[in-house]
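A.B. asks: Model the structure of this input:
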Amino acid sequence: MTSHYLSGSVRFPIDLQIYRLTEEITRWAEFVTKHFPEQEIPQQKKERQKLHKLLDKKLLEDPEFPELHSQFKTKIALAVELIEQARSRKLPFTTVLMDSWYLSPEIVAVLKEHKLDWVSLLKKNRKARS
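C.D. replies: Numbers count the residues shown, from 1 in each chain. I've put the predicted structure just below:
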């Protein structure tokens, strides 16, 4: 994930954040195999999410798993960090342009806190609140 500064013909990258899947950071499949050796791990996303809901509470009881789990950051959390990093660099910007995927209450709250305007699209399946 990246942030960029644009002002007229001035354009440059500000920062980047690397997003890693929670399963990658936590070595989830390894812990599932360790604690549930007979459990088959589905390849389909929906089935895998169901298995997460079923097993993750138990996996968090393993002394090593919570530490790994706490290192995971959502894309929204990383986007908030990019906004905060841009603000800390004292760049003269008043508007944030973002992809519709990032238009979320958490990000809008941070932008509002910093009195920043924003431009994005609203996906059909989302509801706008003021």
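
A.B. asks: Can you give me the buried ones in stretch 56-74?
C.D. replies: 56, 59, 65, 68-69, 73 (16 or more other Cβ atoms under 10 Å). Placement of C-beta: from N, CA and C, glycine included.

A.B. asks: That one: end-to-end distance?
C.D. replies: 17 Å (Cα to Cα, to the nearest Å).

A.B. asks: what is the rounded mean pLDDT of it?
C.D. replies: For stretch 56-74, mean pLDDT is 94.

A.B. asks: got the contact list for that stretch?
C.D. replies: 17, 19-20, 22, 25-28, 31-32, 34-35, 81 (Cβ atoms under 8 Å, 6 or more residues apart in numbering).

A.B. asks: How about stretch 90-108?
C.D. replies: Under the contact criterion Cβ under 8 Å, 6+ apart, stretch 90-108 has outside partners 5, 7, 14, 75-77, 79-80, 83, 86, 111, 116-123, 126, 129.

A.B. asks: I'd like to know which of the residues you listed are part of strands.
C.D. replies: Among those, the members falling in strands are 5, 7, 14, 117-119 (criterion: DSSP state E).
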